[in-house]
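Novice: Okay, here's the prediction I keep looking at, along with the sequence it came from:
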Amino acid sequence: MNFASDTAAPAHPKVIEHLIAANAGPAVSYGADGWTLQAESLLSDMFEAPLRANLVSSGTACNALALSLICPPTAGIICHPQAHINCDERGAVEFYSHGAKLLTTRGEHGRIDTRSLQVLLQSVDESFVHAIPPKAISLSNLSESGTCYSPKQVAELTGLAKSSGLTTHMDGARLANALAFLAVRPGDITWGSGIDVLSFGLTKTGAMAAEAVILFGEAIDKFDELQARRKRAGHLPPKQRFIAAQIIAMLENNLWLETASHANQMAKLLEEGLRNSKVNILHPVEGNEVFAQLSPNQTSQLRDGGVVFYSWPDGSARFVTSWNTMKTEIGKALVLL
Ligand SMILES: Cc1ncc(COP(=O)(O)O)c(C=O)c1O
């Protein structure tokens, strides 16, 4: 009954199978191998667009490299106050960008609100040397509250941002869960809605450690610079074929969709059970995360019974399901209430 995080889940057996197959002998190093080529080509098929991808092993590296590429040190990156880049990456974005500032703007349930973005952008005065002009925006999909932006919402926000000259980024550490919920094509929620650079995560969806910085459209021109930054940051793995093999495993036969859909279904089941026990759920469950308002008694009943979950900074309890969550675990957890 471990609902601490989808990062606590094991890697999917198909990922291990692909890793073993990739371990068959020598291969070209530093990303010039056949697995990397195949992974990039599968990503391009999945997003139905030309793209360039840089494979890395953590979501933090992905976000920090991606954002350093699109925001100069003297400018700012707009994000939600609860965004992972703002709360949970130990200043990695600021560090990799050599000092770009994160500028937060509000919105309910972890999503930036169009009106707040409008107000922020209207207040920018580029000629005022003392203030920080935003040059990029980052949207998290899923958000930190487990909610999704729809393609329409993304397009509205990126449209506004672009009309003010900003470049756009999506933190898609859990994009697979958002896609499974929205039932839209991967291209619709990314480049099709105005996203230039995507951090695409597959670790939370079933890989061992596989993430990709993906450049779409004109951002593709920045690929050489991204490569250079990745090397300097120590994120060019000599045996990159093993990250690529995981991506191939997750993309082949749409395994990512199967695993993310399962995780989402488990979250819905948990939500339903908690609601039946009169527990207040704080955010719409649109992925694999459930935020619940538990009494101290309920918290102890669950913890004493062996249920693992995080206490969230807002006082709620965060439950995360994964490809490996079983219905029986949810049933066992719920009877403790
Ligand atoms: C939305 C989001 N982005 C980025 C990350 C960073 O991933 P990592 O822990 O692999 O650095 C996380 C991790 O939980 C996350 O939830």
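Specialist: That came through fine. Quick caveat: nothing in here was measured; it's all calculated off a predicted structure.
Novice: residues contacting whatever residue of the stretch 201-337 of the chain ends up closest to the ligand?
Specialist: Residue of the stretch 201-337 of the chain nearest the ligand, by CB to the nearest ligand atom: residue 203 (5.9 Å). Yep, even glycine has a C-beta here, placed from its N, CA and C like the rest. Residues near residue 203 by CB atoms under 8 Å, 6 or more residues apart in numbering: 7, 58-59, 173, 209-211.
Novice: likewise residue 86?
Specialist: Taking CB under 8 Å, 6+ apart as the criterion, residue 86 is in contact with 79-80, 102, 104.
Novice: need those in a markdown table with pLDDT, can you?
Specialist: A markdown table is the format used below for the contacts of residue 86 (pLDDT from 0 to 100):
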| residue | pLDDT |
| --- | --- |
| 79 | 98 |
| 80 | 98 |
| 102 | 98 |
| 104 | 98 |
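Novice: which two from these end up farthest apart in space?
Specialist: Largest separation among those by CB to CB: 80 and 102, giving 10.0 Å.
Novice: Those two - which one has more neighbours?
Specialist: The residue with more neighbours, out of residue 80 and residue 102, is residue 80; 26 against 23, by other CB atoms under 10 Å.
Novice: burial count for the residue of the stretch 51-200 of the chain found nearest the ligand?
Specialist: Closest residue of the stretch 51-200 of the chain to the ligand, CB to the nearest ligand atom: residue 59 (2.4 Å). Per other CB under 10 Å, the neighbour tally for residue 59 reads 25.
Novice: circling back to that earlier point, quick one: which of the contacts of residue 86 sit in strands?
Specialist: If you go by DSSP state E, those have 79, 102, 104 in strands.
Novice: Nearest to residue 143 among these?
Specialist: residue 79 (10.5 Å).
Novice: Tally up the residues packed near the closest residue in space to residue 55 that isn't next to it in sequence, please.
Specialist: Take residue 55 and drop its neighbours on the chain: the residue closest to it by CB to CB, 6 or more residues apart in numbering is residue 243, 4.4 Å away. Using other CB under 10 Å as the criterion, residue 243 is surrounded by 26 other residues.
Novice: Heading C-terminal from the host helix or strand of residue 243, find the next helix or strand.
Specialist: Assigned by DSSP states H and E, residue 243 belongs to helix 241-251. Toward the C-terminus, helix 241-251 is succeeded by helix 255-276 as the next helix or strand (DSSP H and E).
Novice: element containing the spatially closest residue to residue 193 that is not a sequence neighbour, please.
Specialist: Using CB to CB, 6+ apart and skipping the chain neighbours, the partner closest in space to residue 193 is residue 154 (3.8 Å). Assigned by DSSP H and E, residue 154 belongs to helix 151-163.
Novice: and residue 170, that one's in a strand?
Specialist: Yes. Assessed by DSSP: H, G, I helix; E, B strand; the rest coil, residue 170 belongs to a strand.
Novice: Just list the residues touching it, thanks.
Specialist: 138-141, 154, 189-190, 195, 197-199.
Novice: Return the subset of those lying in helices.
Specialist: Using DSSP state H, the members of the contacts of residue 170 that fall in helices are 154, 189.
Novice: Tabulate the contacts of residue 170 (TSV), appending neighbour count.
Specialist: As requested, the contacts of residue 170 are exported to TSV (neighbours: other CB atoms under 10 Å):
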residue	neighbour count
138	26
139	25
140	29
141	29
154	23
189	27
190	28
195	26
197	28
198	29
199	28
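Novice: Among the contacts of residue 170, which ones are in strands?
Specialist: 138-140, 197-199.
Novice: Give me the pLDDT for the most centrally placed residue in the chain.
Specialist: Nearest to the mean C-alpha position of the chain, by CA atoms, centre = their mean, lies residue 173 at 1.8 Å. With respect to pLDDT, residue 173 has a value of 98.
Novice: Apart from its chain neighbours, what residue comes closest to it?
Specialist: Distance criterion CB to CB, 6+ apart; nearest residue to residue 173, sequence neighbours excluded, is residue 201 at 3.8 Å.
Novice: dump the residue contacts of that neighbour.
Specialist: Going by CB under 8 Å, 6+ apart, the list of residues near residue 201 reads 59, 62, 172-176, 211.
Novice: 10 Å - rerun?
Specialist: Contact analysis of residue 201 by CB atoms under 10 Å, 6 or more residues apart in numbering lists 6-7, 58-59, 62-63, 171-177, 207, 210-212, 256.
Novice: any idea which helix or strand carries the residue nearest to residue 247 when sequence neighbours are not counted?
Specialist: Once flanking residues are discounted, residue 247 sits nearest to residue 39: 4.1 Å by CB to CB, 6+ apart. According to DSSP H and E, residue 39 maps onto helix 34-47.
Novice: Helix or strand next in line after that helix, which one?
Specialist: Next along from helix 34-47, by DSSP H and E: strand 51-56.
Novice: elements contacting that following strand?
Specialist: helix 34-47, helix 59-70, strand 197-201, strand 211-216, helix 223-232, helix 241-251 (3 or more CB pairs under 10 Å, 6 or more residues apart in numbering; DSSP states H and E).
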